[in-house]
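>>> Sequence unavailable; structure follows:
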């Protein structure tokens, strides 16, 4: 398992990423707005293909026009 960042370091890194938020305890996440349900599913399919290629799989929460990605 990877080393966990110190909370202050994590916050400094998150401050440099547009829209990402989180904590050491809960992980980091970002919500992406899509073009309706079909857009959300298409986004998830593209993300899943990439995640398989790199072997790094996020948790995904899918709603009608929003996908939240959590690592």
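Done, it's in. Predicted model only: the values in this text are computed from it and were never measured.

>>> outside of the longest strand seen in the chain, which residues touch it?
Longest strand of the chain, by residue count under DSSP state E: strand 27-33. Where contact means Cβ atoms under 8 Å, 6 or more residues apart in numbering, the residues beyond strand 27-33 that reach it are 10, 14, 17, 19-22, 43, 59, 65-71. C-beta coordinates here come from the backbone N, C-alpha and C atoms, glycine included.

>>> Buried members of those residues into ChimeraX, please.
Selection of buried members from the contacts of strand 27-33 for ChimeraX, criterion 16 or more other Cβ atoms under 10 Å:
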select :14,43,67,69
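
>>> Just checking: what are the partner strands of the longest strand of the chain?
Strand 27-33 sits in its sheet next to strand 21-23 (antiparallel), strand 66-70 (antiparallel), going by DSSP bridges.

>>> If you average the pLDDT over the last one, what comes out?
The one in question is strand 66-70. Mean per-residue pLDDT for strand 66-70: 97.

>>> contact partners of it?
22, 27-34, 40, 43-44, 47, 58-61.

>>> and what of the first one?
The set of residues that contact strand 21-23 without belonging to it, under Cβ under 8 Å, 6+ apart, is 7, 10, 14, 28-30, 70.

>>> Distance from the chain centre to it, please.
11 Å (Cα atoms, centre = their mean, to the nearest Å).

>>> from now on call the first residue 5
With 5 as the first residue, the last one maps to strand 25-27.

>>> average pLDDT for it?
Strand 25-27 comes out with an average pLDDT of 93.

>>> remind me, longest helix of the protein?
Across the chain, the longest stretch assigned as helix under DSSP state H is helix 40-58.

>>> tell me the angle of that one relative to strand 31-37?
Counting by axes from the mean of the first three to the mean of the last three Cα atoms, to 10 degrees, helix 40-58 lies at 140 degrees to strand 31-37.
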